[in-house]
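Q: Pasting the sequence and the predicted coordinates here, then a few questions.
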Amino acid sequence: MHIPILQDILILLGFSVIIVFLLQRLKIPSIIGFLFTGIIIGPSVLSLVTADEQIEIISEIGIIMLLFVIGMELSIKQLASIKKTVFIGGGLQVLLSILIAASFYYLLGFAWEQAVFVGFLFSLSSTAIVLSVLQDRNEINTNYGKNTLAILIFQDIIVVPMMLFTPIIAGQSDNITQSILLLLLKTAVVIIITIISAKYVVPKLLYAVAKTRSKELFLLTTITICFAVAFLTSETGLSLALGAFLAGLIISESEFSHQATNIILPFKELFTSFFFISIGMLLDINFFLENFLIIILVVLALLLIKSSLIALCIRLLGYQMRTAILTGFALFQVGEFAFILSKVGIENNLLSTTTNQYFLAISIVSMMISPFVILYASRFTDSVLGNKLVRALQKNPQQHEKELETDDKGLKNHLVIIGYGINGSNLAKAAYHSNIPFVVIEYNAETVKREKKNNIPIIYGDASHSHILEKVNVVHARTVVVAISDDKATKAVIGGIRSLSKSVQLIVRTRYIKQTNQLITLGADEVIPEEFETSVEIFSRVMHNFLIPEEDIHHFVEYIRADNYELLQNKKELPRTYKPKPAHPEFNITCVRVTRDSGKLIQKPLSQLNLRENYGVNILAIKRKEIMIDYIGPKEKILQHDLVFINGNPENIEHFNKALI
């Protein structure tokens, strides 16, 4: 049976694999590869795809997934910490961008409704491309990186109200006031339901599901929540995008948000790739070539004007000139949410076919050149700020060189503990009492819930996935300890850690010595096998009891641990240099606690007791109230609560001990 969509999906995936692979060699984001793929296989070039409607449906799922993940990754606390830049900076940027873009479009002779809608489109930037580039360049925690993120957050939020207001400004309602009030009422109801769900319903549901430890059930529950809320908002007359965003926000308030995001991410990446490919397919390459000069001029104008507006907004918030300019360059492009919004505009007759082609061409070109603009922005900014006139205009020109310094207050130089069983919890206690910053990853929902109440820094998630490891900033950790009992999971965790960091110290606990070599090959720095460490600890204590010198014991233990405990695995004779013998097998030293307050041995000078003759022991030292008396004279006395250190044979020691207790 021939199914056309399978052939189209194969073409989409096949071409995207080749193109994205080639662009990755040039360190160009994969999203640009998806756009190229869409252009090449689209109707204006090779025209290889026929199931346009089915591909569009798949891309719509990509939109839902994209907004769902954004909602999950947004934290109300995070928004509160950068609320000034998010709401003031972001709001000012969107408002000014709409005003200027709408004014230009209105002066070209178009209606004000169309002009305002075009302003909506050009006010948005690409979250996917910008964050991808900043993460690759390790600049997400710089001053300009955080400002960029804050404005992107506001844009991601404001796109939903834009979608809701588009039909209203298009005149689809006879009574605008009534429509706005009805819209606000619907939004308020949905927000109330969201708050109740986030606080009372979803956390309990996810907790019950997480207790089963079934990844399949957790995945199904997460996706069901996403589509259920999206369907609910759609049925009330709001948008699917709003529902997906709210669904993500609901889950973000639970301790299971990291694991939910981790599970959804692969699906989001797959479906959003279809979205960007479908955008590329919409571009009419003939139209682009015929209007190439106009499109390039508009892109340059966009680069100049939008960058300047954003720089002005950041400067007004009190940031240095360098931060402002770099933020402007990072956000000049038109983003993926503008494509989503453009479909709403077309449905409401606010965007003509010609205007839409101009918009598509300008947007795609701006997105394609964004990585290169961000790459060279720093060099350009340095040259501009080096100008004497510009330096004179700056409030504090000497500080611009410090703008790229990170001010990340997150975890750094810390300990990551994976698994909160006996070993993990004991390690956490030791770290806490030693003032070592640490964070725990645990896959047992009950443990996470209990320890969060005890203020333990613990998150729920599967540590074998990079998203969870990124949440605990494993790249900047000093040491990672894997203390889980699942051998298969341990290997997956090691692989995940080493894919992110080659330098972090990785200590792994395992049950059996036979797994040591394999775990070290996978990337572990040290492997602690329980079966032999117990033996080593027992024997080291035995050696202490036989008065083997500390240095000999230390060397012996190190020798045992060398070569992955090979000595204990094989019938290999230990070299004589590591085969210490006790100095004298009958030389016993014992500590006896005095419990009596009176008796024939208590409170009398030692010279009167004749201990050597009567009991066959010698007193070596006495510890009294934390003071060690190591010189024992004839006038010294034994008192209640003393710790008396004696030597002699076992029988004599036992006889003396009975006289003191």
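A: Thanks, I have the structure now.

Q: Confirm residue 436 sits in a helix?
A: No: going by DSSP: H, G, I helix; E, B strand; the rest coil, the assignment for residue 436 is coil, not a helix.

Q: confidence score at it?
A: Note on residue 436: pLDDT of 85.

Q: Leaving out the residues flanking it, which one is nearest to it?
A: Nearest residue to residue 436 in three dimensions, chain neighbours excluded: residue 415, at 5.5 Å (C-beta to C-beta, 6 or more residues apart in numbering). (C-beta placed from N, C-alpha, C; glycine too.)

Q: Low-confidence bits of the stretch 401-550 of the chain, can you list those?
A: For the stretch 401-550 of the chain, the stretches with pLDDT under 70 are 401-410, 513, 531-537, 539, 541-550.

Q: Please name the nearest non-neighbouring residue to the residue most central in space within the chain.
A: In the chain, the C-alpha nearest the mean C-alpha coordinate belongs to residue 471, at 1.9 Å (C-alpha atoms, centre = their mean). Closest residue to residue 471 apart from its sequence neighbours, by C-beta to C-beta, 6+ apart: residue 258 at 5.1 Å.

Q: Hmm, residue 478 and the residue nearest to residue 436 touching each other?
A: Yes: here residue 415 reaches residue 478: they are 6.7 Å apart, a contact under C-beta atoms under 8 Å.

Q: out of these two, which sits in the busier spot?
A: Neighbour tally, residue 415 and residue 478, criterion other C-beta atoms under 10 Å: the higher count belongs to residue 415, 22 against 14.

Q: residues in contact with residue 428?
A: Listed by C-beta atoms under 8 Å, 6 or more residues apart in numbering, the contact partners of residue 428 are 417, 420, 438, 440, 456.

Q: Likewise for residue 87?
A: Counting by C-beta under 8 Å, 6+ apart, residue 87 touches residue 154.

Q: measure it to residue 157 for me?
A: In this view, residue 87 and residue 157 are 9 Å apart by C-beta to C-beta, to the nearest Å.

Q: mind listing what the nearest residue to residue 629 once chain neighbours are set aside touches?
A: Spatial nearest neighbour of residue 629, chain neighbours left out: residue 622 (4.5 Å); criterion: C-beta to C-beta, 6+ apart. Going by C-beta under 8 Å, 6+ apart, residue 622 touches 628, 629, 632, 636, 638, 642, 643, 644, 645.

Q: how about those residues, which pair is most distant?
A: 628 and 638 (15.0 Å; C-beta to C-beta).

Q: so residue 660 makes contact with residue 596?
A: Yes: judged on C-beta under 8 Å, residue 660 makes contact with residue 596 at a distance of 6.0 Å.

Q: Common neighbours of those two, please.
A: Common neighbours of residue 660 and residue 596 (C-beta under 8 Å, 6+ apart) are residue 602.

Q: Three-state assignment for residue 595, please.
A: Quick answer, by three-state DSSP: residue 595 is coil.

Q: can you list the domains in this protein?
A: By the record's domain assignment, the chain is partitioned as 4-381, 415-524, 532-578, 588-660 (automatic domain parsing).

Q: I'd like the distance from the last one to the chain centre, please.
A: It refers to domain 588-660. Put simply, domain 588-660 sits 61 Å off its chain's centre (C-alpha atoms, centre = their mean, to the nearest Å).

Q: Just the mean pLDDT for that domain, thanks.
A: 84.

Q: ditto for the first one
A: With pLDDT averaged residue by residue, domain 4-381 scores 84.

Q: Now find how far off-centre that domain is within its chain.
A: 21 Å.

Q: And stretch 446-460, what's buried?
A: 447, 448, 449, 451, 456, 457, 458, 459, 460 (16 or more other C-beta atoms under 10 Å).

Q: now do the same end-to-end measure for it.
A: Stretch 446-460 has an end-to-end distance of 10 Å (criterion: C-alpha to C-alpha, to the nearest Å).

Q: again with stretch 593-602
A: Using C-alpha to C-alpha, the end-to-end distance of stretch 593-602 comes out at 12 Å.

Q: contacting residues around it?
A: Stretch 593-602 has contacts (C-beta under 8 Å, 6+ apart) with 609, 637, 638, 639, 640, 641, 642, 643, 644, 659, 660, 661.

Q: So which of these sit within helices?
A: 659, 660 (DSSP state H).

Q: Which ones among the contacts of stretch 593-602 map onto strands?
A: Judged by DSSP state E, the subset of those located in strands is 643, 644.

Q: Which single one of the contacts of stretch 593-602 is nearest to residue 373?
A: Using C-beta to C-beta, residue 643 comes nearest to residue 373 of those, at 75.0 Å.

Q: Go ahead and confirm the closest one touches residue 592.
A: Yes: using C-beta under 8 Å, residue 643 makes contact with residue 592 at a distance of 7.4 Å.

Q: Those two: which is more packed in?
A: The neighbour count for residue 643 versus residue 592, taken as other C-beta under 10 Å, is higher for residue 592 (21 against 13).

Q: Name all residues that make contact with that one.
A: 643, 644, 646, 653, 656, 657, 660, 661.

Q: quick one: residue 27 is in a helix?
A: No: assigned with three-state DSSP, residue 27 falls outside any helix and is coil.

Q: What backbone torsions are found at it?
A: phi 60, psi 40 (degrees, to the nearest 10).

Q: Residue 283 too?
A: Phi and psi for residue 283, reported as degrees, to the nearest 10, are phi -70, psi 130.

Q: Tell me which residues touch it, please.
A: By C-beta under 8 Å, 6+ apart, the contact list for residue 283 reads 38, 39, 42, 44, 357, 360, 361, 364.

Q: Now rank those by neighbours and give me the top one.
A: residue 38 (29 neighbours).

Q: Tell me the first helix or strand C-terminal of the host helix or strand of that one.
A: Residue 38 belongs to helix 30-41 when assigned by DSSP states H and E. Using DSSP H and E, the helix or strand that follows helix 30-41 towards the C-terminus is helix 52-73.

Q: Buried residues, that next one. List them.
A: For helix 52-73, the neighbour count (16+ other C-beta under 10 Å) marks 55, 58-73 as buried.

Q: still on that earlier bit, what about dumping the CA coordinates of the helix holding residue 38 to PDB?
A: Taking Å, rounded to 0.1, in the frame of the first residue of the first chain, the C-alpha atoms of helix 30-41 are listed here in PDB:
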ATOM      1  CA  SER A  30      20.400  23.300  12.500                       C
ATOM      2  CA  ILE A  31      17.300  25.600  12.200                       C
ATOM      3  CA  ILE A  32      18.900  27.300   9.300                       C
ATOM      4  CA  GLY A  33      19.500  23.900   7.700                       C
ATOM      5  CA  PHE A  34      15.800  23.100   8.100                       C
ATOM      6  CA  LEU A  35      14.900  26.400   6.300                       C
ATOM      7  CA  PHE A  36      17.300  25.500   3.500                       C
ATOM      8  CA  THR A  37      15.700  22.100   3.300                       C
ATOM      9  CA  GLY A  38      12.300  23.600   2.900                       C
ATOM     10  CA  ILE A  39      13.400  26.000   0.200                       C
ATOM     11  CA  ILE A  40      15.100  23.200  -1.800                       C
ATOM     12  CA  ILE A  41      12.400  20.600  -1.600                       C
END
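
Q: Just flag the most distant two among the buried residues of stretch 446-460.
A: Taking C-beta to C-beta, no two of the buried residues of stretch 446-460 sit farther apart than 449 and 457, at 14.3 Å.

Q: circling back: how close does the residue nearest to the centre of the chain sit to residue 447?
A: As defined by C-beta to C-beta, residue 471 lies at a distance of 17 Å from residue 447.

Q: Which helix or which strand is home to residue 417?
A: For residue 417, the host element (DSSP H and E) is strand 415-418.

Q: And the helices in the stretch 551-661 of the chain, which stretches?
A: 566-569, 611-614, 650-660 (DSSP state H, counting those that start in this stretch).

Q: List buried residues within the contacts of residue 622.
A: Buried members of the contacts of residue 622, scored by 16+ other C-beta under 10 Å, are 638, 642, 644, 645.

Q: Give the full set of residues in contact with the third one.
A: Read that as residue 644. 591, 592, 593, 594, 619, 622, 638, 660.
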